[in-house]
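Participant: Pasting the sequence and the predicted model now:
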Amino acid sequence: MNSSMRKGFMTGCDQNTEWMLPWFIENYKKHNNTPLTVMNFGMSNQCLEWLETQVHSIGMMRNIPKGTSGWHLKPISMLNSPFTTTCWIDTDCEVLGDISSVFNYILPEKLAMVEDVPWSQRSGEKWHNSGIVAFTGKPTILQEWAQAIHNTNIRGDQEVLHTILDPLRTAVMITDLPNKFNYMRVQMIDGTKVPDVLVKHWTGYKGKEHIRSIMKND
């Protein structure tokens, strides 16, 4: 296998979220030269044409069921990663540094994710945030997650993953990444201090408004 295909980052978006790509890719390229692929969840032709010169590759999703949201396509697209070792990253993540060290935390048959501390505290259960997901090969839990997506009407991919995990399976199937790889907007509001942050994750409607304001002022 070509060495450039051994490790890589991937993201994905549709016509509703493609507006974030120029901001996301610019931040990524400032600090990283690891290959990046973007999965096409239904982007416009104009965006796809622009994207051809911006990233390592564009991944096509075939026969997408009508009404399927981008976040439900995420675990399915991860199963089709062109890389041996992959790190998914949401497009509402602001990359602040070299994030290639995330690959050092991956363990076989596990998903490497940051604990969603705000959700854990509010629910009394351990949650993990799916904005950053690193893995090698096709772990069983990733296959189960993708299958569960087909069998549920639960709103988000993160919520679907949580439903198929109990505390024991979480310990077996998930390895914790340092918080610096996914510093969530709610943590910023809560005043949680995280040293050496590499990724700020601008979640939710308010997060997207923040991204729009940054892009408008650039």
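Facilitator: Cool, got the structure.
Participant: was I right about Ile25 contacting Leu36?
Facilitator: Yes - in this structure, Ile25 is within contact of Leu36 by Cβ atoms under 8 Å, at 7.4 Å. All C-beta spots, glycine's among them, are computed from the backbone N, C-alpha and C.
Participant: Mutual contacts of the two, please.
Facilitator: Each of Val55 lies in contact with both Ile25 and Leu36 under the rule Cβ atoms under 8 Å, 6 or more residues apart in numbering.
Participant: Just the element for Phe135, please.
Facilitator: Using DSSP states H and E, Phe135 maps to strand 128-136.
Participant: Report all helices and strands that that strand contacts.
Facilitator: The contact analysis (3 or more Cβ pairs under 8 Å, 6 or more residues apart in numbering; DSSP states H and E) places strand 128-136 against helix 70-79, strand 85-89, strand 111-115, helix 157-163, strand 199-201.
Participant: who touches the lowest-mean-pLDDT helix or strand in the chain?
Facilitator: Lowest mean confidence among the helices and strands of the chain (mean pLDDT, DSSP states H and E): helix 70-79, at a mean of 84. By Cβ under 8 Å, 6+ apart, the surrounding residues in contact with helix 70-79 are 10, 12-14, 16-17, 39, 41-42, 59, 61, 64, 86, 88, 130, 133, 135, 138, 142-143, 145-146, 149, 156-158, 160-161.
Participant: Run a quick neighbour tally on the residue nearest to Tyr105 when sequence neighbours are not counted.
Facilitator: The shortest distance from Tyr105 to any non-neighbouring residue, by Cβ to Cβ, 6 or more residues apart in numbering, is to Ala112 (4.9 Å). Neighbourhood size, Ala112 [other Cβ atoms under 10 Å]: 22.
Participant: Assess the claim that Ala112 and Leu177 are in contact.
Facilitator: Yes - if you go by Cβ under 8 Å, Ala112 and Leu177 touch, sitting 5.1 Å apart.
Participant: hey, what's in contact with both of those two?
Facilitator: In contact with both Ala112 and Leu177: 102, 105, 134, using Cβ under 8 Å, 6+ apart.
Participant: so what secondary structure elements neighbour the helix or strand containing Ile141?
Facilitator: Assigned by DSSP H and E, Ile141 belongs to helix 140-150. For helix 140-150, the packing partners by 3+ Cβ pairs under 8 Å, 6+ apart come out as helix 70-79, helix 157-163, helix 167-173.
Participant: Next, the buried residues of it.
Facilitator: Residues of helix 140-150 classed as buried: 141-142, 144-146, 148-149 (neighbour count, 16 or more other Cβ atoms under 10 Å).
Participant: now that helix and strand 111-115, what's the angle there?
Facilitator: 70 degrees (axes from the mean of the first three to the mean of the last three Cα atoms, to 10 degrees).
Participant: got the CA positions of helix 140-150 in PDB?
Facilitator: Listed next in PDB are the C-alpha coordinates belonging to helix 140-150 (Å, rounded to 0.1, in the frame of the first residue of the first chain):
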ATOM      1  CA  THR A 140     -16.300  -4.500  15.400                       C
ATOM      2  CA  ILE A 141     -17.800  -1.700  17.300                       C
ATOM      3  CA  LEU A 142     -17.600   0.600  14.300                       C
ATOM      4  CA  GLN A 143     -19.500  -2.100  12.200                       C
ATOM      5  CA  GLU A 144     -22.100  -2.400  15.000                       C
ATOM      6  CA  TRP A 145     -22.500   1.400  15.100                       C
ATOM      7  CA  ALA A 146     -23.000   1.600  11.300                       C
ATOM      8  CA  GLN A 147     -25.600  -1.200  11.500                       C
ATOM      9  CA  ALA A 148     -27.400   0.500  14.400                       C
ATOM     10  CA  ILE A 149     -27.800   3.600  12.300                       C
ATOM     11  CA  HIS A 150     -29.900   1.700   9.800                       C
END
